[in-house]
Structure formats: structure tokens, C-alpha cells
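Visitor: Would you be able to build a 3D model of this:
(one chain, ligands or ions: 2)
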Amino acid sequence: MKYQVVIPAAGQGKRMNAGKNKQFIELEGVPVIIHTLRVFQKHSLCEGIVLVINDKERNDFSFLLERYNINKVIQTVSGGRERQDSVYNGLKAVNNEAMVLIHDGARPFIKLATIERLLEVAAIKGAAIVAVPVKDTIKRVEDNLVKETIERASLWSVQTPQAFRFPIILEAHKQAKSEDYLGTDDASLLERIGQTVAVVQGDYTNIKLTTPDDLLLAKAILDQKEEKDYL
Ligand SMILES: Nc1ccn([C@@H]2O[C@H](COP(=O)(O)OP(=O)(O)OP(=O)(O)O)[C@@H](O)[C@H]2O)c(=O)n1
Ligand SMILES: C[C@](O)(CO)[C@H](O)COP(=O)(O)O
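Guide: Residues are numbered from 1 along each chain as shown. Ligands and ions are numbered 1, 2, ... in the order given. Here you go, the predicted structure:
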């Protein structure tokens, strides 16, 4: 199923502490955001990319899109205070494609096979997300004391892309905004209004580059990278 993808890349990268937006950090000489965009640029089912950026970085992004010939970007839109605001701004620029994916610019290692499996499920279920089973024990902690150990068998660590039939995710964002609800992912905006969301198992290598140690993992992942998986 053909789709458009919204790529939020308007964050500040505070936890990365790199002194710049982590999207511009180079991995093997190529900026993180380009690694991410290249996957969708090459995917024949991707009909367009809406890139969400900080206006102060518009020239930087434009230069990179030109240099790396990322010509599937149909619009670059301004980000907002929170990731959710940025995504909503991006959704409003999608030209009413039946299916929309939302994928963090900070997740450069998404595989084509995962995207294709996600699309198949989202086409049937209306909404689907990529996730991996949790490997560690998860506990709820308050004031450095364990309050609860959460049964691990049903816990998943959620990633992106998240795929939705366009009208339902646009409406969910609209409703969350009108009710001042802030979620940490887009699927939660559907869950809170009673919509079902399917889960597709992805890869543990589909990491979000968040803190400096993630760059060590990124190097190891790139060392093992099979071009065919991504491009
Ligand atoms: N207001 C925001 C916040 C985040 N993002 C994007 O959403 C993705 C996931 O967010 P995160 O990893 O938290 O990125 P940052 O917000 O940049 O990181 P930090 O919280 O450490 O500042 C990233 O691609 C980021 O650029 C965005 O477009 N707009
Ligand atoms: C959307 C997400 O990547 C799913 O794991 C995650 O919630 C983003 O969190 P962030 O703090 O905005 O990076």
C-alpha cells in the first residue's frame, strides 16, 4: 500500500549533549537524518516525505536534501514545542494519502522489510506500530524505592514507524490537542479514544539515537549493516 511519511526532526537533542541537533551528527560521514530519509527515498511505496524541522535549521536541512538528492520531500514544515506538536504540524501537510507513517528522524536503522510488514498489518487493522519484546525486568520506582514489578511477558518496547489510516490519526491528534493531552507516541492518541492498535515485531537494532552511548551502538550496527536491508 502506498503511503506518505511524516519525519519529525525538529527536536533539540538535549540528551545527546552534542551541542547541535543530533540529526546532523555524522555516522560514517553521513548525517543521521540522511540515513533515515534515504530508506524512504528508496522505498517504491513511499509517495512523499513531510519533514518537520526547526525553522532556525531550514538552510541546513535544505543543503542536505540537495546534496544527498532526497527529492521525495514534498514539504518541510515547522516543528513545535513537543514532538506531538511537530507531528501534528506534519500531518496537516500530508496531502490526504490513505496511509501515513510517522517515523522519528532519530531512528536511522529502520529496515525496509519492517516497513513492509507494518504496512500490511496497518492496511487491515487501520493502525499498527513497530515494537520489540522487553528484555529487562521493568519496575515502577518512586523516591528510589520499588513500588511495583511489572509482569514482563506482556511488555514491549515501542519504536517507530507507526502506521495509520490518515483520517483516524489526524482526528486523534486534533482531539488530543483540543483536550491538552500529551502522549509520548502517536499510537497512544488513538488508544485513549478506544481505537485498537496492532503491534508488529521489529528489530532491536532500530534504536532511537538519544544519548551519547547510542552512538557507540550505532557504529556497531553500521559495521554489520547489509545495504540491501535499508536501501
Ligand atoms: N519538539 C520536538 C521534539 C522531538 N522531535 C523529534 O522527534 C524525534 C524523537 O524525539 P527525541 O528523540 O526526544 O529527540 P529530541 O527531542 O531532539 O531529544 P531531547 O529530548 O534529548 O532533546 C526526534 O527525531 C526529534 O527530532 C520533534 O520533531 N519535535
Ligand atoms: C515515539 C517514540 O520513539 C516511541 O518509542 C518515543 O516515545 C519518542 O520519545 P522521545 O522522548 O520524544 O524521543
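
Visitor: all strands of this structure, in order?
Guide: In the chain, the strands defined using DSSP state E lie at 3-8, 26-27, 30-31, 46-53, 73-78, 99-102, 127-133, 138-142, 145-150, 156-165, 198-201.

Visitor: quick one: average pLDDT of the second one?
Guide: Averaging pLDDT along strand 26-27 gives 98.

Visitor: Repeat that for the fourth one.
Guide: Averaging pLDDT along strand 46-53 gives 98.

Visitor: what are the pairing partners of that strand, and which direction each?
Guide: strand 3-8 (parallel), strand 73-78 (parallel) (DSSP bridges).

Visitor: Mind checking if the first one is in reach of ligand 2?
Guide: If I follow you right, that is strand 3-8. No: against ligand 2, strand 3-8 shows no contacts by CB under 6 Å from any ligand atom, the least distance being 8.2 Å. Where C-beta positions appear, they are placed from N, C-alpha and C, glycine not excepted.

Visitor: do that strand and ligand 1 meet?
Guide: Yes: using CB under 6 Å from any ligand atom, strand 3-8 reaches ligand 1 at P8.

Visitor: Just the CA trace of that strand, in PDB.
Guide: Provided in PDB are the C-alpha atoms of strand 3-8 (Å, rounded to 0.1, in the frame of the first residue of the first chain):
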ATOM      1  CA  TYR A   3       1.900   5.900   1.800                       C
ATOM      2  CA  GLN A   4       3.400   9.200   2.900                       C
ATOM      3  CA  VAL A   5       5.700   9.500   5.800                       C
ATOM      4  CA  VAL A   6       6.000  12.300   8.400                       C
ATOM      5  CA  ILE A   7       9.500  12.500   9.800                       C
ATOM      6  CA  PRO A   8       9.800  14.600  13.000                       C
END
